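*Asks:* Build me a model from this:
(chains A and B)
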Protein chains: 2
Amino acid sequence: MSKSQAYIDANQQKFLDELFELLRIPSVSTDSTKKGEIQKAANFLLDQLKSLNLNKVELFETPGNPIVYGEHCPHADKPTVLIYGHYDVQPSDPDDLWDTPAFEPTIKDGNIYARGASDDKGQAYTHVKALESFVQSGEEIPVNVKIILEGEEEIGSPNLVPFINQHKDMLTCDMVLISDTAMFGKDQPSITYGLRGLAYMEVEVVGPNRDLHSGVYGGAVENPLNVLCEMIAKMKDEDGVIQIPGFYDKVIPLTDADREASAALPFDEEAYKKSLDIDDVHGEKGYTTLERASARPTLDVNGIWGGYTGEGAKTVLPSKANAKISMRLVPDQDPKEIAKLFTEYFHAIAPDTVKVKVTEHHGGHASITNLDFYGLKAAAKAFEDVFEKDVLFSREGGSIPIVADFKKILGVESILMGFGLTSDAIHSPNEKFSIQDFHRGIKTSARFFELLPDFVEK
Amino acid sequence: MSKSQAYIDANQQKFLDELFELLRIPSVSTDSTKKGEIQKAANFLLDQLKSLNLNKVELFETPGNPIVYGEHCPHADKPTVLIYGHYDVQPSDPDDLWDTPAFEPTIKDGNIYARGASDDKGQAYTHVKALESFVQSGEEIPVNVKIILEGEEEIGSPNLVPFINQHKDMLTCDMVLISDTAMFGKDQPSITYGLRGLAYMEVEVVGPNRDLHSGVYGGAVENPLNVLCEMIAKMKDEDGVIQIPGFYDKVIPLTDADREASAALPFDEEAYKKSLDIDDVHGEKGYTTLERASARPTLDVNGIWGGYTGEGAKTVLPSKANAKISMRLVPDQDPKEIAKLFTEYFHAIAPDTVKVKVTEHHGGHASITNLDFYGLKAAAKAFEDVFEKDVLFSREGGSIPIVADFKKILGVESILMGFGLTSDAIHSPNEKFSIQDFHRGIKTSARFFELLPDFVEK
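*Replies:* Prediction:
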């Protein structure tokens, strides 16, 4: 065993204590009142990088949240890995559904329960500790490394792409390494080679200019809540096919090979349904659950509100209705174009009796990584050395829009070395991350750096 | 002019000051934290009645909010009028849409702005002051009177019907007098002879057992928000016809006479649309706006909520979705039966992928008063004496379920002597009541008591 791997084994408790410190900071980027916490999380990571004696460590301010950056590139003949992660987290609400406080990490059954444990503080931190394992055990970091830790991933990274464009030379690399995805299952390492994109919309339907009494006006004046529901119902047909004209025009159809690869993945639909307590799955006709969840586009209402939602009954015909609606995209759908098609359709299906408004939140492109890339192969071997199990290659349903951006701006592939589990409840109450996988994650990252030079194509 | 009418003219400011005191009490019955305020409003009215030297004044406790009761029946040969009103009010939310605080009555342009100004504190109070005008001016109240002021109208009067049943003998009367409706228009007195009933439901659609990441699960797991919208969309067809099987079975169709009476009412649809800032009206095909708003049953979503509704974007596939849905009913629909039909339909259209729960809030029967009733004729004459204008007879869209209950239990008709306006924004922000109509209301009530004995059918 290398000195670095031994160091990781010896420092498990220290790593955990440090991660807990980071998890206690409620760095929620969707909440504009949390700016101070964002700063605190950024400074914590900045101090961590500074302790590693890298060539360069710097906090880059942006119009939004700061980007923590470090680099150490002493090797002229070795590949350069750009590590990417994010220190911002999703909101914790509904807080009353958390068994333990979202920002007080708690260990239970071998898991760390906390907002951000898996997405993405816990996963991003594995790489920081992997670098430390070389530095503190007196070894040279075996490759050139650069690291970006941003604070706006959960709001669509509005300032990251401008930053990358602006510092294109500084960020030159051979590949990007990201741990922000899930393994295929417990003890089943996997590498995600495909991600979905995202278009996220907010809609408002306005009827009368004020809330009305539903007895006096009901039946004669259009109710924006009923209208919004009817409009949302028109978004899909009975086969789950999205009805927005042009929505599927640029979708690359699944090949036979894609479908065979997906079918080969171990997946227990009964266990899946049981874990969610649902009687049946549901989705686009003609596709399997795995295909629906990773390789086909979707449309989901993420939130809806309007009228009286308090205790008891209020007989109101409300003035307006609102919803947040997002679409997961697949190659080659363009998020801007989809947002435009959605907006046009939403206006087209609105009755004359209401006024509608559509606004666009962040979006991102879908991506697929070439399976022949040497970086992927080194990552697979690192996983296999640490987990002692063959790696699976899969496509995943979530979005890391930055992957498409790295490809476009820096011209490199991303390696999605996920250590999470789909059961981690990211974005939900009781988010968790396995302590064992946090530890194995650090070891896999360090092992990847050790192995990578030998995998470079001559 | 009688001494009582002169007393009313002389005490306008005093009456207004007292009403303001009552309006300042936030006696919101839908909010269980407001029990103290309910008690305060009841005590205020109890003290008012006590000051009138009636034969009997009593506060009756119920399992819910107390009922204020008074009676004065010295005349063996004169009719007995049971006055009914309510001192509880709707919630004030959304508070940020009020121009002045909901519970700090404010005068502007001749109107009193406050929650409850029109519905129903201001209107109910006219009768208390009409009685005072006889007592304090040294006249005998010209008829026998009984008065019930309850505190649970806005939550469906759950304890009133048991109270009436229990005190059937005490409450014997020849008619009920209620001011809780609107006049047909400014300076256009009208008597409502028909009211719609109500069935008010709350629904919950549950999908997965926890909030999920919409990227990881979206497309493969049914989204309860989408489902709820689709189910609500199935409640009506494109012609506005409610799709619940059996819903219209007991509806008494409009007669030619009904439709002619409705068509004869002065109604300016352009002005109606303009006042609501809507481009078009909407409702059941084949009916006019007035018919839709008063004589046909409806189905409206009164509130909907679920998922992420905060700032920004959260990519959640929520575990559940909720809505409040109410139906206005017409003779002879039965609210219990309609609630049952709704529940059955809601379960029937729910896909296998979700679980649904339906609960019933308060309901009430629709009602129609016989136009030949002598009480109605006396009320019309009282209006005409005070307003110097012919009275219109109309049906109204709102519900006062107690009207059907009075008919059923006490065997009497109700006279709906409304002094409000449809533009009073009851149940909405900036509820108001005209000072002039508050004053004319007191005079009309007193005049009615003066006239009634002469209208009794010999």
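
*Asks:* so what's the residue of the stretch 151-300 of chain A found nearest chain B up against?
*Replies:* Closest approach between the stretch 151-300 of chain A and chain B, counting by C-beta to the nearest C-beta: A:G215, at 3.0 Å. For every residue, glycine as well, the C-beta is placed using N, CA and C. By C-beta atoms under 8 Å, 6 or more residues apart in numbering or on different chains, A:G215 lies in contact with A:T315, B:R196, B:L198, B:R328, B:E396, B:G397, B:G398, B:S399.

*Asks:* do you know how far it is from A:S157?
*Replies:* 49 Å (C-beta to C-beta, to the nearest Å).

*Asks:* cool, and A:I325?
*Replies:* For A:I325, the distance to A:S157 - C-beta to C-beta - is 21 Å.

*Asks:* of the two, who's got more company?
*Replies:* Between A:I325 and A:S157, counted using other C-beta atoms under 10 Å in any protein chain shown, A:S157 has the larger neighbour count: 26 against 23.

*Asks:* What pLDDT is listed against the more buried one?
*Replies:* Here the pLDDT value assigned to A:S157 is 91.

*Asks:* How about A:T192?
*Replies:* Per-residue confidence at A:T192 stands at 87 (pLDDT).

*Asks:* Under a three-state scheme, what state does it occupy?
*Replies:* strand (DSSP: H, G, I helix; E, B strand; the rest coil).

*Asks:* Quick check: nearest residue in space to the residue in the stretch 1-150 of chain A that chain B sits nearest to, chain neighbours excluded?
*Replies:* The minimum distance from the stretch 1-150 of chain A to chain B, using C-beta to the nearest C-beta, falls at A:T30 (3.7 Å). Leaving aside its sequence neighbours, A:T30 sits nearest to B:G312 (C-beta to C-beta, 6 or more residues apart in numbering or on different chains; 3.7 Å).

*Asks:* ok but that neighbour is inside a strand, no?
*Replies:* No. Counting by three-state DSSP, B:G312 falls outside a strand, being coil.

*Asks:* mind checking how far it is from A:L82?
*Replies:* 27 Å.

*Asks:* Can you pick out the residue with more neighbours from the two?
*Replies:* A:L82 (23 against 19).

*Asks:* Quick check: the more buried one is in a strand.
*Replies:* Yes. According to three-state DSSP, A:L82 belongs to a strand.

*Asks:* mind saving the C-alpha coords of stretch A:188-207 as CSV?
*Replies:* The C-alpha coordinates for stretch A:188-207 follow below in CSV (Å, rounded to 0.1, in the frame of the first residue of the first chain):
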residue,chain,number,x,y,z
GLN,A,188,-21.3,-1.2,-6.9
PRO,A,189,-18.9,1.4,-8.2
SER,A,190,-20.0,3.0,-11.5
ILE,A,191,-19.0,5.8,-13.8
THR,A,192,-21.7,8.0,-15.2
TYR,A,193,-20.9,8.7,-18.9
GLY,A,194,-24.1,10.5,-19.7
LEU,A,195,-26.0,13.3,-18.0
ARG,A,196,-29.3,15.0,-18.8
GLY,A,197,-29.6,18.7,-19.3
LEU,A,198,-32.2,21.1,-17.8
ALA,A,199,-34.6,23.9,-18.6
TYR,A,200,-36.4,25.3,-15.6
MET,A,201,-39.4,27.6,-16.0
GLU,A,202,-41.6,29.6,-13.7
VAL,A,203,-45.2,30.4,-14.8
GLU,A,204,-47.9,32.7,-13.6
VAL,A,205,-51.6,32.6,-14.7
VAL,A,206,-53.5,35.8,-13.8
GLY,A,207,-57.3,35.9,-13.9
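
*Asks:* now that stretch, how far from the chain's geometric center?
*Replies:* Stretch A:188-207 has its C-alpha centroid displaced from the chain centroid by 9 Å (C-alpha atoms, centre = their mean, to the nearest Å).

*Asks:* Surely A:A378 touches A:E457?
*Replies:* No. The criterion here is C-beta atoms under 8 Å, and A:A378 misses it with A:E457 at 11.0 Å.

*Asks:* Give the residue from the two that has the larger number of neighbours.
*Replies:* Between A:A378 and A:E457, A:A378 has the larger neighbour count (other C-beta under 10 Å), namely 25 against 7.

*Asks:* residue contacts, the more buried one?
*Replies:* Counting by C-beta under 8 Å, 6+ apart, A:A378 has contacts A:F448, A:L451, A:L452, A:D454, A:F455.

*Asks:* Farthest pair within those?
*Replies:* Farthest-apart pair in the contacts of A:A378 is A:F448 and A:D454; separation 11.4 Å (C-beta to C-beta).

*Asks:* The two: which is more packed in?
*Replies:* A:F448 (27 against 10).

*Asks:* Can you read off the backbone torsions of that one?
*Replies:* Backbone torsions of A:F448, given as degrees, to the nearest 10, read phi -60, psi -40.

*Asks:* any idea how far the residue lying closest to it once chain neighbours are set aside lies from A:A117?
*Replies:* In this structure, A:F448 finds its nearest non-sequential neighbour in A:A382, 3.9 Å apart by C-beta to C-beta, 6+ apart. A:A382 sits 22 Å away from A:A117, taking C-beta to C-beta as the criterion.

*Asks:* Repeat that for A:K336.
*Replies:* 33 Å.

*Asks:* who's more crowded, these two?
*Replies:* The neighbour comparison of A:K336 against A:A117 (other C-beta under 10 Å) goes to A:A117, with 31 against 11.

*Asks:* what pairs with the closest residue to that one other than its chain neighbours across the strands?
*Replies:* Spatial nearest neighbour of A:A117, chain neighbours left out: A:F433 (3.8 Å); criterion: C-beta to C-beta, 6+ apart. Going by DSSP bridges, A:F433 is paired in beta bridges with A:I112.

*Asks:* Brilliant, that's me finished.
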